[in-house]
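Peer 1: pasting the sequence and the predicted model now:
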Amino acid sequence: MTTLNKTLILSALAAASAIGGAQAATTLGQTDFAFTGVNGNTTVGGWSFVSFVDISAGTTIYFTDTNVLQTSTSSGVFSTSAETFWSWTAAADVAAGTSVALLGTGVNGQYAARSGAAGGVANGTVSNLNGGASNISSGGDILYAFQASSYASNYAPSAITFLGAIANRATPYASSDNPFSATGLSGIQVREYRMNNATTRYTQFTAQTSSADTPFASMDELRAALAEGANWSTIAESNSTPIVADVLAVTTVPEPSSYALLLAGLGVVGAMAQRRRR
């Protein structure tokens, strides 16, 4: 191999590496996210979620158990007497189909994040944004996930992308925090995986209760399974059943960095072919 060819290949690989390593934070759509579990215990509980698309390091998702207003949207979407808001920011990339768990640290309202197989490895920063206590009520509550440019902007309806909700209400559509009837939220898709048991403290997607399960073969299979209530394990009353992080589905779609390497390789081949013609 000539020096020129070696230089071309090394330059292409370096460029591909730079492209793959400089990914911006991920903006999720309203069908890219699903909750996969929640434990309402205020100190050792928590919740988990999965994304159907890759999440880049630095991506932030907000969570809150506050009510959604049904009054004028000029007052904001969330209740002005807010409960608690949290943010999770990924410290490393999270592949599509890999769940993330926010686990109680033993201090009310404080959580630590894990993602991946074998119960999960530490990934990300969880911040309690307004210093509130965890109050995911066993008597009925809804936990929301959303994205916004900042926590301070989350009261403007046009600045929010709701990603999902998980509820333990028997009749959430009649409650004061029903996202579908709240003024200004028409057309926003909030997907709920709820259990009709007002005393439920713990519910988790059954395929995630153990990291020994074989992942689903596609994101579509995972979506379909999550939508079936029979695929959830639910325990009523107060308990400390842990929330598990796991790899729930795999995909054969190449990562963005793989595309970059492929394009770089094609560029090298083209350059070599052009040189031979000359």
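Peer 2: Thanks, I have it. Residues are numbered from 1 along each chain as shown.

Peer 1: could I get the contacting residues of Gln110?
Peer 2: By CB atoms under 8 Å, 6 or more residues apart in numbering, the residues touching Gln110 are 104, 126, 128. No exception for glycine: its C-beta is placed from N, CA and C like everyone else's.

Peer 1: likewise for Gly132?
Peer 2: Contacts for Gly132 (CB under 8 Å, 6+ apart) come out as 82-85, 109.

Peer 1: go on, Phe52?
Peer 2: Counting by CB under 8 Å, 6+ apart, Phe52 has contacts 31-34, 96-97, 219, 222-223.

Peer 1: can you pick the most crowded of those?
Peer 2: Leu222 (25 neighbours; other CB atoms under 10 Å).

Peer 1: that residue in helix, strand or coil?
Peer 2: At Leu222, secondary structure determined by DSSP: H, G, I helix; E, B strand; the rest coil is helix.

Peer 1: so which of the contacts of Phe52 sit within strands?
Peer 2: Taking DSSP state E, the ones among the contacts of Phe52 that sit in strands are 33-34.

Peer 1: follow-up on the earlier one: turn the contacts of Gln110 into a markdown table, including secondary structure.
Peer 2: Rendered in a markdown table, the data for the contacts of Gln110 read as follows (three-state DSSP):
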| residue | secondary structure |
| --- | --- |
| Gly104 | strand |
| Val126 | strand |
| Asn128 | strand |
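
Peer 1: highest neighbour count among those residues?
Peer 2: Among the contacts of Gln110, the one with the most neighbours (other CB under 10 Å) is Gly104, at 22 neighbours.

Peer 1: which stretches of this structure have low pLDDT?
Peer 2: 1-22, 69-75, 80-81, 138-139, 169-198, 252-278 (pLDDT under 70).

Peer 1: ok, Thr42 - contacts?
Peer 2: Applying CB under 8 Å, 6+ apart, the residues near Thr42 are 104, 108-109, 133-136.

Peer 1: just the buried residues out of those, in PyMOL syntax.
Peer 2: Selection of the buried residues among these in PyMOL, burial being defined by 16 or more other CB atoms under 10 Å:
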select buried, resi 104+109+134+136
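
Peer 1: and the helices in the chain, which stretches?
Peer 2: 3-21, 219-226, 256-277 (DSSP state H).

Peer 1: for Thr89, see how far away Ser99 is.
Peer 2: Ser99 sits 17 Å away from Thr89, going by CB to CB, to the nearest Å.

Peer 1: same check on Thr234?
Peer 2: 30 Å.

Peer 1: same question, Ala145
Peer 2: Following CB to CB, the distance that separates Ala145 from Thr89 is 14 Å.

Peer 1: likewise Ala165?
Peer 2: When distance is defined by CB to CB, Ala165 is 21 Å away from Thr89.

Peer 1: what about the two, which has more around it?
Peer 2: Taking neighbours as other CB under 10 Å, Ala165 and Thr89 compare with Ala165 leading, 22 against 16.

Peer 1: hmm, that one is touching Asp141, no?
Peer 2: No. Look at Ala165 against Asp141 with CB atoms under 8 Å: they stay out of range, at 10.3 Å.
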